[in-house]
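J.: For reference, the sequence and a predicted model appear below.
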Amino acid sequence: MSEDDTPEPARESARAAHGINSAIAAQDNKRPDDSVASRQHGVAEPHSQEPPKTLLHEAQHQGDEVTPEIPVQNGATPAGSEIELKLLVDADRMADFNAAPIIATNARNKGTRKHLKSVYYDTPERTLRRNGLSLRVRQNGARFVQTVKAEFGVDPLRRGEWEANVPSIAPDVELAMPFVPAKLRSDLRRHQLEAVFTADIHRHARIVELPSGTIEVAFAQGVLKSGDQSMPVSEIELELKGGSASAIYDLALRLADHGSVRPSIRSKSARGFDLAAEASPALRKPRKLRLDPTISLDEAFAKILRSCLHHLLGSLAAAEDGRDPEGVHQLRVSLRRLRAALDLMRSVGPLGNLDSFRSEARWLARNLSAARDWDMFQRGTLPTIAQACPSVAGFDALEQAAEERRSAAYQKVRLALADRRCSCFLIGLGGWIEARGWRSDVAPEDLGRLTEPAVNFAGRILSEQHARVLKRGRRFKSLPAEKLHRLRLAAKRLRYVADFLLPLYGDRKSVRRFSRGLADLQEELGSFNDMAITNALFAELGDEFSQSGTAAAAITGWQAHASIGVEARLRNTWLDFRKTKAPWSRAAEA
């Protein structure tokens, strides 16, 4: 598909990744080579507090953050850092991607081919997995290499990695001990490791030279196996070897022109453990942001947007899988957080690319709404009321109709996630964040605002959003449903902005109280909105609604009666929220 065939918003998102002025591009070119994958012998040194900018995956020295005492034993080698983007592709298209003009024209040579066989180990209780660790032994020809990987608590896309040669495919537990937190070592010695799953991968790696940088492109195909279960692997890994990180996104977008690609951060290890447990893809909710009060507004924007992107990418697999309703829910939340972050950036000045990204986020969110609504109804509202009203007829028919609608809604979700428009949106957004592309949109006279302390910006924005909520809640007792809905939306926006900016005020009691009160208000307003969602779903059912007997009437009556109690709780929650002091105000306790 040519670029001209791409929907206009997707093209705008793609262009945004490249909209960097010459000053920023020059700054990127001056980055030291510590962003390039490297091997060092000796103890892994603690990483700096400001890690190299990365997007979709980064393996980095674990340093003191997890295992402060890590001596090198038996020739164990800590791996260097890498910037990598993973693209999922259809297996029958892999050869086509390998022959794509962007690869064929710019590859140094035909590359190297390897057949890698790996076994992943853990205790029967999955001690390593539960603590963010993995241990594998990989065979490459006659060589066996044992690898321990550890996740960073603050960044799901960064991993520590240590390797050591071993004599066979069997693991050497003692060799792994220096890289495991002390509190887990006794468990590993007490419970023998077992093979959980295997990976059999054929990998073809090539070096591609672009004007913006050098990239290793690895075409990986194979299978993960655990017992009788198996899962195919078909992905392209783009790893930066030199130059600007924008080179990865240049290449990813060109590959997206050639065929369907889907960005992913889900490791083979995660897929294999889920396969062994026959579980849906694990979800990772966003971690609380940690922003130093002295941080610049530019750096705060980068951290906030990166958090939104990590949340979004971490929700894709579970949303597509569909077994866990939390998947679609978290994906919708991640898109709302992203839109809130983009709106936040408007306060600096006109930023043209924001409209493109916001439009794409809204498009994707619209394709998720029906699935979420039917999930809530079928797995929450309906079974709860059916169990409480066993003598009422029609719940079975209503359940069948709801399941048909839910299945159709999830098909819509999967089509949207597989759409090239979605891929271009994600890749374009990632490149824009990596390059801090908003700098090129800001008017020259406003650039200085990006260097100011973020806490100054935070106080003004939080005050404005807080005032908007209080204004929409005036004469609360007499607010009709429509205005309660507008209040709910304003409270939701304030909640996201507060999640982004309140960390600048530290862990004060006033911060905790305000956050808790705002969360309670949003929850009560959401409960009040449930009845409106149910009525909209019943309207969609049409004739099937009338065939459900008295079940639908029972649900409507149940919710109407429950709303009486909700109204009282909501009024009390609102009064409590109004009395809560704003943490950014002088009146708040320090």
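T.: Thanks, I have it. Numbers count the residues shown, from 1 in each chain.
J.: low-confidence ranges in the protein?
T.: Low-confidence segments of the chain, defined by pLDDT under 70: 1-82, 152-160, 543-549, 563-566, 587-590.
J.: How about the one helix or strand R513 maps to, which residues are buried there?
T.: Per DSSP states H and E, R513 falls inside helix 509-541. Going by neighbour count (16 or more other Cβ atoms under 10 Å), the buried part of helix 509-541 is 510-511, 513-515, 517-518, 520-522, 524-525, 527-528, 530-531, 533-534, 537-538, 541. (C-beta placed from N, C-alpha, C; glycine too.)
J.: what does stretch 443-461 give?
T.: Quick answer for stretch 443-461 (16+ other Cβ under 10 Å): 449-450, 454-455, 457-459, 461.
J.: Can you pick out the most distant pair from these?
T.: Pairwise distances across those (Cβ to Cβ) peak at 16.9 Å, for the pair L450 and G459.
J.: which residues are in contact with the helix or strand containing A498?
T.: Element membership for A498, per DSSP H and E: helix 481-501. Under the contact criterion Cβ atoms under 8 Å, 6 or more residues apart in numbering, helix 481-501 has outside partners 288-289, 291, 304, 336-337, 340-341, 343-344, 454, 458, 461-462, 465-466, 468-469, 472-473, 479, 514-515, 518-519, 521-522, 525-526, 528-529, 532.
J.: same deal with stretch 106-114?
T.: Contacts of stretch 106-114 (Cβ under 8 Å, 6+ apart): 140, 202-210, 217.
J.: Quick check: P293 is in a helix.
T.: No. Counting by DSSP: H, G, I helix; E, B strand; the rest coil, one finds P293 to be coil, located in no helix.
J.: Can you report how many residues lie near it?
T.: 12 (other Cβ atoms under 10 Å).
J.: P453 is in contact with that one, correct?
T.: Yes. Counting by Cβ atoms under 8 Å, P293 touches P453, with 7.4 Å between them.
J.: thinking again about what came up before, now for the contacts of stretch 106-114, which pair is the farthest apart?
T.: Largest pairwise distance in the contacts of stretch 106-114, by Cβ to Cβ, is 28.2 Å, between N140 and L210.
J.: Who has more neighbours out of the two?
T.: Remark: of N140 and L210, L210 carries more neighbours, 17 against 13, as counted by other Cβ under 10 Å.
J.: now that one: how far from A95?
T.: Distance from L210 to A95, counting by Cβ to Cβ, to the nearest Å: 22 Å.
J.: now for the longest strand seen in the chain, which elements pack on it?
T.: Of all segments of type strand in the chain, defined using DSSP state E, the longest is strand 194-210. Applying 3 or more Cβ pairs under 8 Å, 6 or more residues apart in numbering; DSSP states H and E, one finds that strand 194-210 contacts helix 101-106, strand 112-122, strand 213-226, strand 229-243, helix 246-258, helix 268-277.
J.: just checking, which of those sits deepest inside the structure?
T.: Stretch with highest mean neighbour count among the helices and strands packed on strand 194-210: helix 246-258 (a mean of 23; mean count of other Cβ atoms under 10 Å).
J.: helices or strands next to that one in the packing?
T.: strand 82-88, helix 94-98, helix 101-106, strand 194-210, strand 213-226, strand 229-243, helix 420-435.
J.: Report the inter-axis angle for the longest one versus helix 246-258.
T.: Right, strand 194-210. Between the axis of strand 194-210 and that of helix 246-258 there is an angle of 90 degrees, by axes from the mean of the first three to the mean of the last three Cα atoms, to 10 degrees.
J.: Distance from the chain centre to strand 194-210, please.
T.: Distance of strand 194-210 from the chain centroid (Cα atoms, centre = their mean, to the nearest Å) equals 23 Å.
J.: And the third one, by the same measure?
T.: The chain centroid and the centroid of helix 101-106 are separated by 31 Å under Cα atoms, centre = their mean.
J.: ok, now the second one?
T.: Helix 94-98 has its average C-alpha position 27 Å from the chain's average C-alpha position, going by Cα atoms, centre = their mean.
J.: Which residues outside that helix are in contact with it?
T.: Contacts for helix 94-98 (Cβ under 8 Å, 6+ apart): 89, 103, 204, 206, 219, 221, 234, 236, 255, 258-259, 261.
J.: and of these, the nearest to P171?
T.: Q221 (25.7 Å).
J.: partner residues bridging the closest one?
T.: Using DSSP bridges, the bridge partners assigned to Q221 are H202, S234.
J.: what angle separates the helix holding A498 from helix 509-541?
T.: Going by the same axes, to 10 degrees, helix 481-501 makes 140 degrees with helix 509-541.
J.: which residue is nearest the middle of the protein?
T.: Central residue of the chain (Cα atoms, centre = their mean): H311, 2.5 Å from the mean position.
J.: In contact with the residue of the chain most remote from its centre, which residues are there?
T.: The centre of the chain is farthest from one residue, S391, which by Cα atoms, centre = their mean lies 44.1 Å away. Shown in contact with S391 (Cβ under 8 Å, 6+ apart): no residues.
J.: Ok, F395 next?
T.: F395 sits next to 382, 386, 389, 548, 551 when contact means Cβ under 8 Å, 6+ apart.
J.: Please compute how far the helix holding A498 lies from its chain's middle.
T.: For helix 481-501, the distance to the chain centre is 22 Å (Cα atoms, centre = their mean).
J.: Over to stretch 359-371?
T.: Counting by Cα atoms, centre = their mean, stretch 359-371 comes out at 16 Å from the chain centroid.
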